[in-house]
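Enquirer: show me the folded form of this:
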Amino acid sequence: MLLAVSTTHRPATDLGFLLHKHPDKAQRFDTAAGSAHVFYPEATEERCTAALLLEIDPVGLVRNRQAGTAGRRGGGGGADAAQYVDDRTYAASSLLAVAMAAVFATAMAGRCKARPELAATALPLEIRLPSLPCRAGGADLARRLFEPLGWQVTAVPLPLDPRFPEWGDAPHHDVTLTGTLRLADALTQVYVLLPVLDDAKHYYVGRDEIDKLLREGASWLPGHPERHLIARRYLAHRRALATTALAQLAAVDDLAADTLGTGFEPGLVATEAEVAETEVAEAEVAEAEVAEAEVAETAETEVAEAGAEGTSDGGDGGETRPPSLAELRRRVILAVLRTSDAHRVADVGCGDGKLVARLLAEPNLTEIIAVDVSHRALELAARRLRIERMPDQVRARLRLVVSSLTYRDSRLTGLDAIVLSEVVEHVDPPRLPALAEVVLGHAQPRLVIVTTPNIEYNVRYEGLPSGALRHRDHRFEWTRDEFASWVGGLVARYPYTARLGGVGVDDPEVGQPTQLAILERLPAGEHRAAGEHRAGAGEGR
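Expert: Okay, here's the model as predicted:
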């Protein structure tokens with residue numbers, strides 16, 4: 001299967017800088033989808049074309065699928081010739097999308113150290129996909145998906161067999177996209193829409209695919225007229241997943257609906273019925289994923305996800321996409337726990353367990369308590385952690401606990417550390433004193449780590465309306481002064497000292513995207529006067 005990207009922006013060979021692939025070199029990369037080759041059929045000042053060729057082994061794909069399903073649904077036998085005779089070796093599909101994410105990760109992130117201004121510039125581009133499945137819609141479907149994004153679409157149907165014209169046309173088309181866009185936007189749009197046009201994915205589709213869809217489509221999907229079709233097909237027609245994704249898109253529009261007159265076009269504002277349907281759908285997602293997820297499928301998903309979220313893109317510079325803000329938070333939390341010599345830790349508001357998984361990998365942690373008020377969240381955490389397959393010595397270190405932050409729970413007392421990562425902003429402000437009393441007054445851990453959004457930084461997020469919060473469930477988001485004031489009140493009432501800092505890129509005007517507080521309990525009997533060197537307000541900014 002083949003993807004060709006061309007530009008006439010002069011000097012056209014600057015395309016090599018944007019893709020991090022030198023025009024004079026033919027390069028090969030091993031990806032989760034197969035062997036990928038990048039080469040330049042033409043490279044002149046006037047026009048430059050970079051081609052991505054993906055070689056896959058259809059027999060190997062069938063064997064891998066059979067190995068993953070053996071013993072699960074009646075064994076892996078019964079293969080017939082139809083499993084080996086298909087279009088996957090030549091037709092653009094989700095396999096090509098996986099290869100794109102692995103090979104062009106830096107370009108898709110919109111980063112180019114050598115030509116940063118070029119990465120931010122809309123360029124005249126031409127993208128050709130010589131064999132693109134356009135199932136259940138043909139050329140019209142390709143136009144409906146790409147034209148709203150600013151592309152001109154030429155789609156020529158391909159015959160099933162040129163020697164037998166009476167057989168008619170295949171669902172495949174020779175598609176050429178022409179437009180003026182940032183290269184990062186162009187690649188990301190193709191990456192998302194390839195499996196939509198093919199109407200199939202060649203790896204397990206779970207809840208993580210929602211995050212991938214919303215992340216890669218953040219700048220264009222909410223306003224796309226075919227967003228419902230895109231969500232449904234991208235998520236493999238899993239109704240619960242699609243409903244959840246659309247509801248999250250609706251939340252973006254709902255927040256923006258108050259800014260009518262700013263040029264924003266509403267149209268996805270969620271109704272009460274849609275919210276109720278979303279809650280039901282999310283329950284179905286949890287039940288389905290707990291029941292259906294298999295080790296082989298999950299591993300394959302993670303391989304594909306790793307390509308999309310960016311380990312090495314294979315370029316000459318060995319560049320990687322930067323870690324997400326959530327990953328940076330996890331790294332900071334782990335670093336604080338290591339330096340504090342903590343052994344017994346609770347992640348309160350653990351969600352789907354991503355931080356818990358990292359805690360389990362820390363050999364010095366002898367007890368890890370994953371706490372959430374939601375049974376469904378803990379079910380998802382159990383699935384992510386694969387508890388049923390954990391070694392006994394690892395499972396013995398972990399407890400899953402349903403509990404509320406605003407009610408005392410003796411299971412949380414006497415710990416070395418409690419982590420409240422992106423939690424407090426989900427609590428109604430009148431309940432914050434109860435939260436403080438439960439954690440600092442009753443549980444009394446030696447260390448408390450708090451992270452929460454910095455609302456001042458929100459102006460740096462494109463597409464987030466002025467005054468809007470980052471998530472529809474946030475009850476509030478604090479400025480840096482407000483957060484420092486809240487922490488100062490805590491250390492005035494409880495025997496703790498505090499250090500303030502942040503996580504993420506430090507903007508000289510608005511600070512860091514995440515605020516951080518590290519509260520350490522004073523030795524017994526040592527409770528300094530309020531305000532006497534207690535909270536390091538501004539420290540670490």
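
Enquirer: and the gap between residue 1 and residue 56?
Expert: 8 Å (C-beta to C-beta, to the nearest Å). Yep, even glycine has a C-beta here, placed from its N, CA and C like the rest.

Enquirer: so these two - more neighbours on which side?
Expert: residue 1 (24 against 21; other C-beta atoms under 10 Å).

Enquirer: strands of the stretch 351-500 of the chain, start to end?
Expert: Here the stretch 351-500 of the chain has its strands, by DSSP state E, counting those that start in this stretch, at 367-372, 398-402, 417-421, 447-453, 496-503.

Enquirer: give the next helix or strand downstream of the last one.
Expert: Read in the C-terminal direction, the helix or strand following strand 496-503 is strand 514-521, with elements assigned using DSSP states H and E.

Enquirer: so how far is that following strand from its chain's centroid?
Expert: Counting by C-alpha atoms, centre = their mean, to the nearest Å, strand 514-521 is centred 26 Å from the centre of its parent chain.

Enquirer: also stretch 141-160?
Expert: 28 Å.

Enquirer: now stretch 496-511
Expert: Centroid separation for stretch 496-511 versus its chain: 24 Å, with C-alpha atoms, centre = their mean.

Enquirer: give the buried residues for it.
Expert: For stretch 496-511, the neighbour count (16 or more other C-beta atoms under 10 Å) marks 496-504, 510-511 as buried.

Enquirer: what average pLDDT does that stretch get?
Expert: Stretch 496-511 carries an average pLDDT of 93.

Enquirer: same question for stretch 101-108.
Expert: Here the average pLDDT along stretch 101-108 is 88.

Enquirer: equivalent analysis for stretch 332-342, please.
Expert: Averaged over stretch 332-342, pLDDT sits at 93.

Enquirer: show me the contact partners of that stretch.
Expert: Stretch 332-342 is contacted from outside by 345, 355, 358-359, 362, 364-365, 416-417, 419, 421, 446-447, 449, 451, 503, 516, 518, 520, using C-beta atoms under 8 Å, 6 or more residues apart in numbering.

Enquirer: next, the buried residues of it.
Expert: Neighbour counts over stretch 332-342 (16+ other C-beta under 10 Å) mark 332-334, 336-337, 340, 342 as buried.

Enquirer: dump the residues you listed to JSON lines, plus distance to residue 15.
Expert: Listed next are the buried residues of stretch 332-342 as JSON lines, based on distance: C-beta to C-beta, whole Å:
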{"residue": "332", "distance to residue 15": "37"}
{"residue": "333", "distance to residue 15": "40"}
{"residue": "334", "distance to residue 15": "39"}
{"residue": "336", "distance to residue 15": "43"}
{"residue": "337", "distance to residue 15": "45"}
{"residue": "340", "distance to residue 15": "49"}
{"residue": "342", "distance to residue 15": "50"}
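
Enquirer: how far off centre is stretch 123-142?
Expert: For stretch 123-142, the distance to the chain centre is 26 Å (C-alpha atoms, centre = their mean).

Enquirer: remind me, longest strand of the protein?
Expert: strand 169-181 (DSSP state E).

Enquirer: may I see the buried residues of that one?
Expert: Applying 16+ other C-beta under 10 Å to strand 169-181 flags 170-173, 175-179, 181 as buried.

Enquirer: picking up where we left off before, let me have the buried residues of stretch 496-511 in JSON lines, extended by distance to residue 402.
Expert: Listed next are the buried residues of stretch 496-511 as JSON lines, based on distance: C-beta to C-beta, whole Å:
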{"residue": "496", "distance to residue 402": "27"}
{"residue": "497", "distance to residue 402": "32"}
{"residue": "498", "distance to residue 402": "29"}
{"residue": "499", "distance to residue 402": "31"}
{"residue": "500", "distance to residue 402": "31"}
{"residue": "501", "distance to residue 402": "31"}
{"residue": "502", "distance to residue 402": "31"}
{"residue": "503", "distance to residue 402": "28"}
{"residue": "504", "distance to residue 402": "31"}
{"residue": "510", "distance to residue 402": "37"}
{"residue": "511", "distance to residue 402": "35"}
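
Enquirer: what's the closest of the residues you listed to residue 160?
Expert: residue 504 (52.7 Å; C-beta to C-beta).

Enquirer: ok, and the closest non-adjacent residue to the closest one?
Expert: residue 513 (4.1 Å; C-beta to C-beta, 6 or more residues apart in numbering).

Enquirer: list the contacts of the one you found.
Expert: Per C-beta under 8 Å, 6+ apart, neighbours of residue 513: 325, 453-454, 457, 460, 502-505.

Enquirer: what is the nearest of the buried residues of strand 169-181 to residue 11?
Expert: The closest of the buried residues of strand 169-181, once distances to residue 11 are taken by C-beta to C-beta, is residue 181, at 19.0 Å.

Enquirer: for the closest one, which residues count as its bridge partners?
Expert: residue 123 (DSSP bridges).

Enquirer: do the same with residue 398
Expert: With DSSP bridges as the rule, residue 398 is bridged to residue 368.

Enquirer: residue 143 contacts residue 155, correct?
Expert: Yes. With contact defined as C-beta atoms under 8 Å, residue 143 reaches residue 155; the gap is 7.1 Å.

Enquirer: higher neighbour count, those two?
Expert: For residue 143 versus residue 155, the count of surrounding residues by other C-beta under 10 Å is larger for residue 155: 21 against 18.

Enquirer: which non-adjacent residue is nearest residue 387?
Expert: Residue 387 sits nearest to residue 395 (C-beta to C-beta, 6+ apart), 6.4 Å away.

Enquirer: check residue 107 too.
Expert: Here the residue nearest residue 107, using C-beta to C-beta, 6+ apart, is residue 19, at 5.0 Å.

Enquirer: can you tell me how far the one you found sits from residue 52?
Expert: 9 Å.

Enquirer: please apply the same query to residue 190.
Expert: In terms of C-beta to C-beta, residue 190 sits 11 Å off from residue 52.

Enquirer: now for the two: what residues contact both?
Expert: By C-beta under 8 Å, 6+ apart, the residues touching both residue 190 and residue 52 are 3, 100.

Enquirer: tell me where the model's unsure across the stretch 401-541 of the chain.
Expert: Counting by pLDDT under 70, the stretch 401-541 of the chain contains low-confidence ranges at 525-541.

Enquirer: what's the PyMOL syntax to select whichever of the contacts of stretch 332-342 are buried?
Expert: Entered in PyMOL, the line below selects the buried ones among the contacts of stretch 332-342, by 16+ other C-beta under 10 Å:
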select buried, resi 345+355+358+359+362+365+416+417+419+421+446+447+449+451+503+516+518+520
